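[1] what's the 3D shape of this:
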Amino acid sequence: MAEGKAPGDPAHRGGPDRARRAAERRGRFGESLARLYLRLSGYRLLARGYRTRQGEIDLVLRKGRLLVFVEVKQRADLDRAAEAIRPRQQQRITRAAAQYLQDYPGLARLDQRFDAILLAPWRFPRHVKDAWRESDHGYM
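    Next comes the predicted model:
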């Protein structure tokens, strides 16, 4: 065995690339659960994984006159998922939302909100409506 690569070490099991791919799979699965939950709640998906240089928005949805930008977080428990959405990430999502509205100016007339869907194993998803506001970060 190579030095520094113990059996429990991610580098031993296939390295950081393998761990990253597994995390991406879990993230996609979590986003799929969130999409299903929101669809059953009456939201219509407009975009998923919307990426800009400013940041990424997991889900963009519409419900009536409301445009919702959603961050999906999956952790071991719901409290940890909530804590994982830090102010810096909120800023990036807020900037990405501003870019989304520039790309789709017809949607700018809608009311806008930033939500979070929190996921944990064997727990029902927690939908945090108005998780933060754009004015918290001075954008838009």
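[2] secondary structure class for R48?
    strand (DSSP: H, G, I helix; E, B strand; the rest coil).
[3] what is the neighbour count of Y43?
    21 (other CB atoms under 10 Å). (Each C-beta comes from the backbone N, C-alpha and C, glycine too.)
[4] I'd say it and F69 touch.
    No: with contact defined as CB atoms under 8 Å, Y43 does not reach F69; the gap is 11.7 Å.
[5] and A19, what's its pLDDT?
    A19 is assigned a predicted lDDT (pLDDT) of 81.
[6] where's it, which helix or strand?
    In the assignment (DSSP states H and E), A19 maps to helix 15-40.
[7] could you say what helices and strands that helix packs with?
    On a contact count with 3 or more CB pairs under 8 Å, 6 or more residues apart in numbering; DSSP states H and E, helix 15-40 meets strand 44-51, strand 56-63, strand 66-74, strand 111-119.
[8] could I get the ones you listed as TSV with mean neighbour count, mean pLDDT and distance to K129?
    Formatted as TSV, those follow (neighbours: other CB atoms under 10 Å; pLDDT from 0 to 100; distance: least, CB to CB, whole Å):
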stretch	mean neighbour count	mean pLDDT	distance to K129
strand 44-51	14	95	16
strand 56-63	19	96	11
strand 66-74	23	96	8
strand 111-119	21	96	5
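[9] Q91 is nearest to which of those?
    Comparison of the helices and strands packed on helix 15-40 against Q91 by CB to CB identifies strand 111-119 as nearest, at 11.1 Å.
[10] what angle do the helix or strand just after the closest one and strand 111-119 make?
    Moving toward the C-terminus from strand 111-119, the next helix or strand (DSSP H and E) is strand 126-132. Inter-element angle recorded for strand 126-132 and strand 111-119: 140 degrees (by axes from the mean of the first three to the mean of the last three CA atoms, to 10 degrees).
[11] point out where the chain drops to low pLDDT.
    Low-confidence segments of the chain, defined by pLDDT under 70: 1-14, 23, 26-27, 135-140.
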